[in-house]
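[1] dropping the sequence and predicted coords here.
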Amino acid sequence: MSKALKGIIKIECKIRVLTGLHIGGSKENVEIGGIDNIVIKVPVLKLDEAIERDVPYIPGSSIKGKMRALLEWVEKPEGSMQVIALENKGEPCNCGRCRVCKLFGAHKNAKTEEPVRLRVEDFYPTEKTIDMWKKFLDGDFVEVKVENTIDRIKGTALHPRHQERVIPFSEFTGFIKIRVHEGDRKELFDTIIRGIQLLEDDYLGGSGSRGYGKVKFIKEKILWTDYRKQPFEEKTVDENEIANIYGA
Ligand SMILES: [Zn+2]
């Protein structure tokens, strides 16, 4: 049974790229003999006049998808002794009642209807990062890394592939938002914090086993908007106040 929406917690974050980041984009506009493996970019983001080309960004869906997959290795569905990943043999949870289902939404054939609590925005590069790219990448916004496989007998490189990546120290900014319904408990917020930690210990995007995609989340501030107040009231809160928001 769904309950009224009390408000929304917005975590303003920066994602700092610590190793090269590759979130794959579409190859549609790449000429033959060009880059094999491009990174996803927003088509001409008109943040300022000086940006005339597409800029790399981090889609919210990439963050959300990875966070869910990682959490399913530590969270258990309602009434189960096993973690979701083992219980469901790789399928996302559809119990409709566990923390993962409440936050991310139940998978197909959900047994109960719960509103999806989590929203993850797309993360865009900061102005400082765009300036850094312009300065260090010769007018480009990504570096191109040549990846080789080695011929083990001859010791020579085979089939070089050209892969675009976002360079270390790039920073992207955006919001992770958690809707708070009547009766929700702080454990939902804590689950997202755990999801962030899991993601920092793992990787974002592709080629993580080759060292790509290490990121750090920097929480800039937490905002709470109370929808029970007229007009809606938004204020900055610290992490200790989250328990009060959810109530005992
Ligand atoms: Zn579930």
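    Received, thanks.

[2] C-alpha only now, for contacts and for neighbours.
    Fine.

[3] run through the strands of this protein in chain order.
    For the chain, the strands defined by DSSP state E cover 5-17, 41-42, 55-56, 118-120, 124-125, 143-151, 156-165, 171-181, 215-226, 233-237.

[4] and those as JSON lines, adding mean pLDDT and distance to the ion?
    Formatted as JSON lines, the strands of the chain follow (pLDDT from 0 to 100; distance: least, CA to the ion, whole Å):
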{"stretch": "strand 5-17", "mean pLDDT": "97", "distance to the ion": "20"}
{"stretch": "strand 41-42", "mean pLDDT": "68", "distance to the ion": "33"}
{"stretch": "strand 55-56", "mean pLDDT": "88", "distance to the ion": "33"}
{"stretch": "strand 118-120", "mean pLDDT": "97", "distance to the ion": "14"}
{"stretch": "strand 124-125", "mean pLDDT": "93", "distance to the ion": "31"}
{"stretch": "strand 143-151", "mean pLDDT": "78", "distance to the ion": "39"}
{"stretch": "strand 156-165", "mean pLDDT": "78", "distance to the ion": "35"}
{"stretch": "strand 171-181", "mean pLDDT": "97", "distance to the ion": "17"}
{"stretch": "strand 215-226", "mean pLDDT": "96", "distance to the ion": "26"}
{"stretch": "strand 233-237", "mean pLDDT": "94", "distance to the ion": "29"}
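
[5] could you dump those to JSON lines with mean neighbour count and distance to Leu198?
    Below are those laid out as JSON lines (neighbours: other CA atoms under 10 Å; distance: least, CA to CA, whole Å):
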{"stretch": "strand 5-17", "mean neighbour count": "20", "distance to Leu198": "14"}
{"stretch": "strand 41-42", "mean neighbour count": "18", "distance to Leu198": "25"}
{"stretch": "strand 55-56", "mean neighbour count": "23", "distance to Leu198": "23"}
{"stretch": "strand 118-120", "mean neighbour count": "19", "distance to Leu198": "16"}
{"stretch": "strand 124-125", "mean neighbour count": "21", "distance to Leu198": "22"}
{"stretch": "strand 143-151", "mean neighbour count": "14", "distance to Leu198": "27"}
{"stretch": "strand 156-165", "mean neighbour count": "16", "distance to Leu198": "22"}
{"stretch": "strand 171-181", "mean neighbour count": "22", "distance to Leu198": "15"}
{"stretch": "strand 215-226", "mean neighbour count": "18", "distance to Leu198": "11"}
{"stretch": "strand 233-237", "mean neighbour count": "13", "distance to Leu198": "24"}
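
[6] what would those look like in JSON lines with distance to Cys95?
    Below are these laid out as JSON lines (distance: least, CA to CA, whole Å):
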{"stretch": "strand 5-17", "distance to Cys95": "22"}
{"stretch": "strand 41-42", "distance to Cys95": "35"}
{"stretch": "strand 55-56", "distance to Cys95": "36"}
{"stretch": "strand 118-120", "distance to Cys95": "17"}
{"stretch": "strand 124-125", "distance to Cys95": "34"}
{"stretch": "strand 143-151", "distance to Cys95": "42"}
{"stretch": "strand 156-165", "distance to Cys95": "38"}
{"stretch": "strand 171-181", "distance to Cys95": "19"}
{"stretch": "strand 215-226", "distance to Cys95": "29"}
{"stretch": "strand 233-237", "distance to Cys95": "32"}
